[in-house]
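> I need the structure of the sequence given here:
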Amino acid sequence: MFDRRAKMAVVALVGVVSVAGCNYRGEEGVKEKDFAVSSTVKTAIGAAGSTFVNPIMTRWITAYEAAHPGIQVNYRAIGSGAGISELKQGTTEMAATDAPLTDEQLKDMPAVIQVPVAAGPVVAVNNVPGLKVPLRLSGSTLAGIFLGKIIGWQDPAILHDNPGVQLPHAAIIVVHRSDGSGTTSILTSYLAKVSPEWSEKVGHGISVPWPVGISAKGSSEVLDFVAKNPGTIGYAELNYAAEMHLAVASIQNRGGTYVAPNPASATAAIAAFDEALEKDMRSPVVDPPATAKDGYPIVGVTFLLFAKEGSDPAEHKAIQDFVQYAIHDGQDLAESLDYAKLPKPIQDRALGMLGQMTASAQPPK
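Prediction:
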């Protein structure tokens with residue numbers, strides 16, 4: 001049996017093959033099961049996508065594999081857009097995205113099911129020299145910064161949000177994701193909702209035409225840039241920012257409260273959208289109504305996508321079991337990792353969707 005280093009090398013090889021785009025015309029995609037790492041692994045499942053979900057996904061995989069000997073799940077945090085692309089090409093079995101596919105987008109995919117598995121806040125991570133308290137920003141101020149209209153930390157809009165706070169006479173440096181990112185989709189969905197100018201000029205999605213800023217690939221590069229460069233503001237998942245001990249801003253919600261991002265404030269925001277989520281679990285959960293006084297306004301939900309039908313019953317059953325674990329028992333890990341636990345009604349609806357999975361003796365059409 002290969003040791004752990006050998007396993008890691010194989011996983012790295014899978015990543016290189018997939019990212020390089022092995023699916024040339026006329027070639028078949030290389031799947032995880034083609035890279036079996038030992039005789040003890042009977043079923044290998046490949047998954048890729050969202051960086052947002054990576055910390056809890058790592059914990060889920062560890063727990064699931066311990067309870068299911070012979071099954072291996074390999075997850076690569078390469079961004080929501082890249083994960084969806086690999087699932088579409090057939091080079092991975094599951095994709096994770098923070099920007100759920102619309103009905104129109106699903107028409108271009110093989111028959112897939114997408115279910116919510118995680119939720120949490122996206123934060124305005126910042127490095128403001130001399131700041132002794134958490135930065136406070138209204139939605140309009142945050143939009144103004146990312147539009148390039150607010151260019152200094154002494155701007156009247158920032159001073160208004162932070163009365164009595166000593167802010168430096170320094171320029172604001174904006175950093176944003178260069179890759180297709182669900183985290184970008186969550187932030188820009190919020191900015192488009194609170195700022196008509198942002199909605200008109202930039203819009204929302206996993207990739208947008210950023211008016212200003214430095215581009216960085218992945219959350220890790222964004223956070224590294226913020227950490228090393230005073231005067232910088234960017235965005236990332238709360239869990240990554242907390243791990244690096246970086247400052248995050250409190251964002252003003254519709255009720256007028258500047259709310260710090262944490263699992264409780266994210267849960268409060270999600271609860272405010274219960275009616276909309278009951279109709280469509282893909283409904284955005286940004287900028288909750290004023291009645292959600294404790295709700296943090298920039299929250300996103302991560303979805304797992306996987307084939308509705310499968311020709312390998314063992315693989316299909318393993319995917320179904322893993323997703324069921326993530327939706328239900330796996331939620332107990334959420335708050336310790338700075339995620340919001342999915343409300344029970346969402347868990348129940350997501351579990352119901354797993355019943356659509358079927359395994360056939362023939363490859364799906």
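
> bridging residues for the residue nearest to Glu315 when sequence neighbours are not counted?
Counting by Cβ to Cβ, 6 or more residues apart in numbering, Thr43 is the residue found nearest to Glu315 once chain neighbours are left out, at 5.5 Å. For every residue, glycine as well, the C-beta is placed using N, CA and C. Beta bridges link Thr43 to Ile71, judged by DSSP bridges.

> which ones are touching Thr43?
Neighbouring residues of Thr43 by Cβ atoms under 8 Å, 6 or more residues apart in numbering: 33, 70-72, 314-315, 318.

> which of those residues has the largest number of neighbours?
Gln72 (25 neighbours; other Cβ atoms under 10 Å).

> now do it, the pLDDT please.
On pLDDT, Gln72 comes in at 96.

> from Phe322, how far out is it?
Counting by Cβ to Cβ, to the nearest Å, the gap between Gln72 and Phe322 amounts to 11 Å.

> overlap in contacts, the two.
Ile45.

> nearest residue to Lys124 in space, please, no chain neighbours.
For the record, residue 124 is Ala, not Lys. According to Cβ to Cβ, 6+ apart, the nearest residue to Ala124 is Ala249 (4.1 Å).

> pull the contacting residues for the one you found.
With Cβ under 8 Å, 6+ apart, Ala249 has these contacts: 123-126, 134-137, 142.

> could I get the phi/psi values of it?
When read as degrees, to the nearest 10, the backbone of Ala249 gives phi -90, psi 150.

> now do Ile173
Dihedral angles (degrees, to the nearest 10) for Ile173: phi -110, psi 120.

> quick one: it from Ile145, how far?
Here the criterion is Cβ to Cβ. By it, Ile173 lies 10 Å from Ile145.

> so for the two, which residues contact both of them?
Both Ile173 and Ile145 are contacted by Ile233, under the criterion Cβ under 8 Å, 6+ apart.

> neighbour-wise, which of these two wins?
Between Ile173 and Ile145, Ile145 has the larger neighbour count (other Cβ under 10 Å), namely 24 against 19.

> quick one, domains of the protein?
Domain segmentation of the chain under automatic domain parsing yields 4-118+304-359, 121-299.

> worst mean pLDDT among those?
domain 4-118+304-359 (a mean of 82).

> tell me the gap between that one and the middle of its chain.
14 Å (Cα atoms, centre = their mean, to the nearest Å).

> which parts of the host helix or strand of His160 are buried?
Per DSSP states H and E, His160 falls inside helix 156-161. The neighbour-count check on helix 156-161 (16 or more other Cβ atoms under 10 Å) flags 157-158, 161 as buried.

> list the contacts of that helix.
By Cβ under 8 Å, 6+ apart, helix 156-161 touches 136-138, 140-141, 144, 150, 165, 167, 252, 258.

> which strands or helices does the following helix or strand past that helix pack on?
Following helix 156-161 in sequence order, the next helix or strand is strand 173-177 (DSSP H and E). Judged by 3 or more Cβ pairs under 8 Å, 6 or more residues apart in numbering; DSSP states H and E, strand 173-177 is in contact with helix 139-147, helix 182-194, strand 214-216, helix 218-228, strand 232-237.

> and the next element down the chain from the longest one?
Next in sequence after helix 182-194, counting helices and strands by DSSP H and E, comes helix 196-201.

> related to what we said a few turns ago, how far off centre is the helix holding His160?
How far helix 156-161 lies from its chain's middle: 30 Å, per Cα atoms, centre = their mean.

> list the contacts for the spatially most central residue of the chain?
Centroid-nearest residue in the chain, with Cα atoms, centre = their mean: Phe52, separated by 3.2 Å. Residues near Phe52 by Cβ under 8 Å, 6+ apart: 80, 98, 118, 120, 122, 182-183, 186, 219, 237, 300, 302.

> with respect to Asp332, which of the residues you listed is nearest?
Within the contacts of Phe52, proximity to Asp332 (Cβ to Cβ) peaks at Ala118, which comes in at 12.5 Å.

> which residue is the nearest non-sequential neighbour of the closest one?
Looking at Ala118 with Cβ to Cβ, 6+ apart, the closest residue is Thr302, at 4.3 Å.
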